[in-house]
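> What follows is a predicted structure for the sequence shown.
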Amino acid sequence: MKKIQMVDLKGQYEQIKERIDSSILDVIESTAFINGPEVHSFQKELEEYLAVKHVIPCANGTDALQIAMMGLGLQPGDEVITADFTFAATVEVIALLQLTPVLVDVEPDSFNIDPEAIKKAITPRTKAIVPVHLFGQSANMDAIMEIAKEYNLYVIEDNAQGIGGNYHSKNGNISKSGTIGHVASTSFFPSKNLGCYGDGGAIFTNDDDLAHKLRGIVNHGMYIRYHHDVIGVNSRLDSIQATVLRAKLPNLDSYNNARRDAAKKYTNAFTGQEHIITPHITGSEDTHVFHQYTLRITNGKRDALVQHLNDNDIPSGIYYPIPLHSQKAYKDDRYNEADFPVTNQLIKEVISLPMHTELDNDQIDFITKTVIDFVNK
């Protein structure tokens, strides 16, 4: 059995090596490293894949989220509601812009932001909601968009973990995650389902005016060189990263299907295990792209399981060990522990197993047997 990786980027690269190598060499020979034709081609191809009007490439997923908020014109003191159980980048950019983060609890099955908790957190100062499509599954966008419409709020989708997933609306429409709210961000960090070989990100929107503003913000606020019309930043996707993403984009659906197949095998092996809760899929299978495959270990053995897996050369991850409301940088007297029962339970139970496109049956069998034997002993 080959060595188990949390994410096997080398194995994936070997499947597309010829195109990757030749494409990178073409960029180097062209010397069009910044805002070159590869960036523009990738932008158009991703717009077509997502069926969204505008893709604005940028330097990374955190920038994408910050720039989206800048484009909406949010002002210091405006409140932005987001999930307590997620990576810090989501709340980080809210604080950086001197907005007020409002953290709320998540649903116990999907781990995504709880619409009922959103409703309870709305005040006259609330201006936006940031649902995170955590671990690759879309949040309840029907409910979130209804709340946003009722209270006249912006919806900024954090789609860093969910690219390629479908959302089945209750009206029968099927949309790609990240194309439903007013604007969305994504990350192309190497380990993402669609990852480059460095940092990269993008913003999506169907709003023409907003897209125009965002294109200026990512480039120092310029639409014409040396004419700075808005306050901007320097956040660009470079051409080498764009050409890597162009090589991978045609394979994104097959990558996501491979992750779903691996997830099914994991879940089948764990079915019936008393102390193991497998990931819940909300609705159709294509709503989840399994950026992570995350279990809940309910008998108090989670931390010991991490060590046991490590002893058996099986990597794992705890995403996330500390809720955002308890992080030193984001603590606030406004928060009451009683408002976060689900998050406070999840941080004690969750463990993510290896998940990538190159997992094989022998690896999955070894991983699942190792987990089951330890949890049950």
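Received, thanks.
> Only the buried residues of stretch 132-149, if you could.
Along stretch 132-149, these residues count as buried under the neighbour rule (16 or more other Cβ atoms under 10 Å): 132-145, 147-148. Where C-beta positions appear, they are placed from N, C-alpha and C, glycine not excepted.
> again, but for stretch 191-200
Of the residues in stretch 191-200, those buried (16+ other Cβ under 10 Å) are 192-197, 199-200.
> I'd like the distance from that stretch to the chain centre, please.
12 Å (Cα atoms, centre = their mean, to the nearest Å).
> export it as PDB, just CAs?
Coordinates of each C-alpha in stretch 191-200 appear next as PDB, following Å, rounded to 0.1, in the frame of the first residue of the first chain:
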ATOM      1  CA  SER A 191      -5.200  21.600  -1.200                       C
ATOM      2  CA  LYS A 192      -8.600  22.900  -2.300                       C
ATOM      3  CA  ASN A 193     -10.800  20.900  -4.700                       C
ATOM      4  CA  LEU A 194      -9.600  23.300  -7.500                       C
ATOM      5  CA  GLY A 195      -6.200  24.300  -6.300                       C
ATOM      6  CA  CYS A 196      -3.200  26.000  -7.900                       C
ATOM      7  CA  TYR A 197       0.500  25.600  -7.000                       C
ATOM      8  CA  GLY A 198       0.700  28.600  -4.800                       C
ATOM      9  CA  ASP A 199      -1.900  31.100  -3.600                       C
ATOM     10  CA  GLY A 200      -4.900  32.200  -5.600                       C
END
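> Give me the average confidence score over that stretch.
Averaging pLDDT along stretch 191-200 yields 98.
> Stretch 22-33 too?
pLDDT averaged over stretch 22-33 gives 97.
> Show me what counts as buried in stretch 364-375.
Residues of stretch 364-375 classed as buried by neighbour count (16+ other Cβ under 10 Å): 364, 367-368, 370-371, 374-375.
> Kindly report the same for stretch 237-256.
237-249, 252, 255-256.
> ok, now stretch 304-312?
Of the residues in stretch 304-312, 305-306, 308-309 count as buried by neighbour count, 16+ other Cβ under 10 Å.
> Taking the residues you listed together, which two end up most distant?
Val306 and His308 (7.3 Å; Cβ to Cβ).
> these two touch, right, Ile217 and Val233?
Yes. Look at Ile217 against Val233 with Cβ atoms under 8 Å: they come within range, at 6.4 Å.
> can I get the buried residues of stretch 364-375 in CSV with pLDDT and secondary structure?
Compiled in CSV, the buried residues of stretch 364-375 are given as follows (pLDDT from 0 to 100; DSSP: H, G, I helix; E, B strand; the rest coil):
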residue, pLDDT, secondary structure
Ile364, 98, helix
Ile367, 98, helix
Thr368, 98, helix
Thr370, 98, helix
Val371, 98, helix
Phe374, 97, helix
Val375, 97, helix
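> what's the closest of the residues you listed to Asp105?
Val375 (26.4 Å).
> those strands in the chain, which residues are they?
54-58, 79-83, 100-104, 126-130, 154-158, 166-168, 174-176, 183-187, 201-205, 222-224, 227-228, 276-277, 293-297, 350-353 (DSSP state E).
> and Thr267, which of the ones you listed is closest to it?
Between the strands of the chain, strand 293-297 lies closest to Thr267; by Cβ to Cβ that is 8.5 Å.
> which neighbours does that closest one have in its sheet, and in what orientation?
With DSSP bridges as the test, strand 293-297 is paired with strand 276-277 (antiparallel), strand 350-353 (antiparallel).
> for this protein, which spans come out with low pLDDT?
By pLDDT under 70, the chain has no low-scoring segment.
> all helices of it, in order?
With helices called from DSSP state H, the chain shows them at 9-15, 17-30, 37-50, 61-71, 89-96, 115-121, 141-151, 208-217, 239-248, 252-270, 302-311, 341-349, 361-376.
> want to try CSV for these, with distance to Gly165 as columns?
Putting the helices of the chain into CSV (distance: least, Cβ to Cβ, whole Å) gives the following:
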stretch, distance to Gly165
helix 9-15, 19
helix 17-30, 24
helix 37-50, 11
helix 61-71, 16
helix 89-96, 18
helix 115-121, 18
helix 141-151, 11
helix 208-217, 22
helix 239-248, 16
helix 252-270, 7
helix 302-311, 27
helix 341-349, 21
helix 361-376, 22
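> Of all those helices, which one comes closest to Asn173?
helix 141-151 (10.0 Å).
> one step back: just tell me which of the strands of the chain ends up closest to Gln327.
The nearest among those, by Cβ to Cβ, is strand 100-104 at 9.9 Å.
> All set now, cheers.
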